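Trainee: The amino acid sequence is not available; the structure is as follows:
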């Protein structure tokens, strides 16, 4: 195979965006992903007789008798001895078998296409390591036999989704809140600032709130029916009355906690709101309340607490159990990141702040961030954009220099040079591999005397 470069606008490229909370995958150029399901999965081991506890159709068979239950419908079925796990840790791939199970499931159930047909663009954490990139690239070429591969950092995709090549990307997701400076399509590694104050932190604060109210979080799988009193309603703040399902399997603690978290996350999305100014008890008491009912029938009006919980993202001193800590709030994460970059590019970063991640969808988040940055930066310097979910689709449809993908096989006399904004261009050279560059590594395939691509650094 002599032609080595593909463009995303010439072929039906696939885009994979695998985050700590959800997996999103689709076709380049389309507005919405084809697949959107949880990153965590259920895992069971075969018994000695080869059967799986409460075996049902749809489980993906893994190595060494491991069964993976991926996607919302499979994951939320109560199964005996099913543990819940994530293939990612700190935004990077940790368990490669379960990560491969996610790819298998996506190709089989959502794309319903052979992997060898489509080139792939895949997002990666901005702090991903070289060793993990090498292993991922080898997996895509050797196992899935894809024709071309492009690996791009999530912050760069978020910038491109908003039509910016330079800016400050604030990503507040499930496990961390991160400020990532992007300049001319490249991530400035020295300016990355991370904080653990994110979605999981707010879920923990919500759990403590319900404990103070003596409210038990009961996931829907345990509830057979709600027992209504004579007036056909549970009064606000009174204990709920419900009937438990019979003959439930012995579920694991990890799966039960996951199901409880789904209830808490729905509460977060429905009730929480970020105050447009620093939290004040008197002001919060005058805010309108929001009514919310839990799956077991308990219902209550929530007022000041719906403002106080997300306040911990911006002011950690207001969070319970974090007094005297040194964690940075969202505003300080942004200013600290910009301050670690060269002074000449700081106006460009402040002039294009892109917010992304599930927490930024909380009502009032961007307004509060705008207020805080306007107080910390010169007038008319900070500008905030909301991120779209199709950055990977757009980067495959931008100017060709932005999305050059590398094919599996290259002739022995072809080298790669770094192109514009993370792209690569092929140039002829006379030397034969083995070739070892700072950014690209080749090894010689003695079977066909061609150099095979192993590693792409964006």
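Mentor: Okay, I see it. Because the structure is a prediction, the values reported are computed rather than measured. Numbers count the residues shown, from 1 in each chain.
Trainee: Where do the helices of the protein begin and end?
Mentor: With DSSP state H as the criterion, the chain has helices at 72-75, 96-105, 130-138, 154-161, 199-212, 253-271, 281-285, 305-314, 330-339, 346-350, 365-376, 391-395.
Trainee: Skip the chain neighbours and tell me the closest residue to residue 183.
Mentor: Nearest non-adjacent residue to residue 183, counting by C-beta to C-beta, 6 or more residues apart in numbering: residue 166, 5.1 Å away. C-betas here are computed from N, CA, C, even on glycine.
Trainee: that older thread, want to throw the helices of the chain into a markdown table with mean pLDDT?
Mentor: As requested, the helices of the chain are exported to a markdown table (pLDDT from 0 to 100):
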| stretch | mean pLDDT |
| --- | --- |
| helix 72-75 | 94 |
| helix 96-105 | 96 |
| helix 130-138 | 96 |
| helix 154-161 | 93 |
| helix 199-212 | 93 |
| helix 253-271 | 96 |
| helix 281-285 | 85 |
| helix 305-314 | 92 |
| helix 330-339 | 95 |
| helix 346-350 | 92 |
| helix 365-376 | 91 |
| helix 391-395 | 44 |
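Trainee: Out of the ones you listed, flag the one nearest residue 192.
Mentor: With C-beta to C-beta as the criterion, residue 192 lies closest to helix 330-339 of the helices of the chain, at 6.9 Å.
Trainee: How about the closest one, which residues are buried there?
Mentor: 330-335, 337-338 (16 or more other C-beta atoms under 10 Å).
Trainee: Show residues contacting it.
Mentor: 168, 170, 172, 177-181, 191-195, 197, 313-314, 328, 346, 349-350, 353, 369, 372-373, 376-377 (C-beta atoms under 8 Å, 6 or more residues apart in numbering).
Trainee: Pull the number of nearby residues for residue 260.
Mentor: Residues near residue 260, counting by other C-beta atoms under 10 Å, number 18.
Trainee: if I pick it, what's in contact with it?
Mentor: So residue 260 contacts 217, 219 (C-beta under 8 Å, 6+ apart).
Trainee: Tell me how far residue 79 lies from residue 271.
Mentor: Distance, residue 79 to residue 271, using C-beta to C-beta, to the nearest Å: 31 Å.
Trainee: got it, and residue 285?
Mentor: Remark: distance between residue 285 and residue 271 (C-beta to C-beta) = 16 Å.
Trainee: Compare neighbour counts for residue 79 and residue 271 and give me the winner.
Mentor: residue 79 (23 against 20).
Trainee: if we can go back for a sec, test my guess that the residue nearest to residue 183 contacts residue 182.
Mentor: Yes: taking C-beta atoms under 8 Å as the definition, residue 166 is a contact partner of residue 182 at 6.2 Å.
Trainee: Quick check: neighbours shared by these two?
Mentor: residue 159.
Trainee: Same drill for these two, tell me which one is more crowded.
Mentor: Ranked by neighbour count (other C-beta under 10 Å), residue 166 and residue 182 place residue 182 first, with 27 against 16.
Trainee: ok, that one - contacts?
Mentor: Contacts of residue 182 (C-beta under 8 Å, 6+ apart): 155-156, 159, 164-169, 188.
Trainee: mind redoing it with 6 Å?
Mentor: 155-156, 159, 167 (C-beta atoms under 6 Å, 6 or more residues apart in numbering).
Trainee: Find the pair from the residues you listed with maximum spatial separation.
Mentor: Distance extremes for the contacts of residue 182: the farthest pair is 156 and 167 at 10.1 Å, using C-beta to C-beta.
Trainee: Okay, now the unreliable bits of the stretch 101-250 of the chain?
Mentor: Scanning the stretch 101-250 of the chain for pLDDT under 70 picks out 228-237.
Trainee: For it, just list every one of the strands.
Mentor: 120-124, 148-153, 167-172, 177-183, 186-187, 193-195, 223-226, 242-244 (DSSP state E, counting those that start in this stretch).
Trainee: List the buried residues of the last one.
Mentor: Okay, so that is strand 242-244. Here strand 242-244 shows residue 242 as buried, counting by 16+ other C-beta under 10 Å.
Trainee: List the strands paired with that strand, with their directions.
Mentor: Strand pairing for strand 242-244, using DSSP bridges, gives strand 223-226 (antiparallel).
Trainee: And the contacts of the partner strand?
Mentor: The contact list for strand 223-226, computed with C-beta under 6 Å, 6+ apart, reads 242-243, 245, 295-297.
Trainee: and the gap between the nearest residue to residue 305 once chain neighbours are set aside and residue 284?
Mentor: In this structure, residue 305 finds its nearest non-sequential neighbour in residue 209, 5.8 Å apart by C-beta to C-beta, 6+ apart. Distance of residue 209 to residue 284, given as C-beta to C-beta: 14 Å.
Trainee: Mind putting the helices of the chain into TSV with distance to residue 65?
Mentor: Putting the helices of the chain into TSV (distance: least, C-beta to C-beta, whole Å) gives the following:
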stretch	distance to residue 65
helix 72-75	18
helix 96-105	12
helix 130-138	24
helix 154-161	34
helix 199-212	31
helix 253-271	19
helix 281-285	53
helix 305-314	42
helix 330-339	44
helix 346-350	50
helix 365-376	45
helix 391-395	35
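Trainee: Please name whichever of those helices is nearest to residue 26.
Mentor: Taking the helices of the chain one by one with C-beta to C-beta, helix 391-395 is closest: 6.8 Å.
Trainee: hang on, the earlier thing: okay, the strands of the stretch 101-250 of the chain, which one's buried deepest?
Mentor: strand 167-172 (a mean of 28; mean count of other C-beta atoms under 10 Å).
Trainee: who does that one touch, helix- and strand-wise?
Mentor: Under the contact criterion of 3 or more C-beta pairs under 6 Å, 6 or more residues apart in numbering; DSSP states H and E, strand 167-172 touches helix 154-161, strand 177-183, strand 353-356.
Trainee: Go through those and name the closest to residue 364.
Mentor: strand 353-356 (12.4 Å).
Trainee: Give me the mean pLDDT for the closest one.
Mentor: Averaged across strand 353-356, pLDDT comes to 94.
Trainee: Direction included, what does it pair up with?
Mentor: Counting by DSSP bridges, strand 353-356 is paired with strand 167-172 (parallel), strand 384-386 (parallel).
Trainee: Got the domain ranges for the protein?
Mentor: With domains defined by automatic domain parsing, the chain comprises 5-40+86-161+393-453, 163-197+328-387, 199-318.
Trainee: now these in JSON lines, with distance to residue 66?
Mentor: Converted to JSON lines, those look like this (distance: least, C-beta to C-beta, whole Å):
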{"stretch": "domain 5-40+86-161+393-453", "distance to residue 66": "7"}
{"stretch": "domain 163-197+328-387", "distance to residue 66": "24"}
{"stretch": "domain 199-318", "distance to residue 66": "15"}
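Trainee: Out of the ones you listed, which gets nearest to residue 71?
Mentor: Among the domains of the chain, domain 5-40+86-161+393-453 sits nearest to residue 71 (C-beta to C-beta), with 4.5 Å.
Trainee: picking that back up, right, and the helices of the chain - which one's nearest residue 238?
Mentor: Taking C-beta to C-beta as the criterion, helix 199-212 is the member of the helices of the chain that comes nearest to residue 238, at 14.8 Å.
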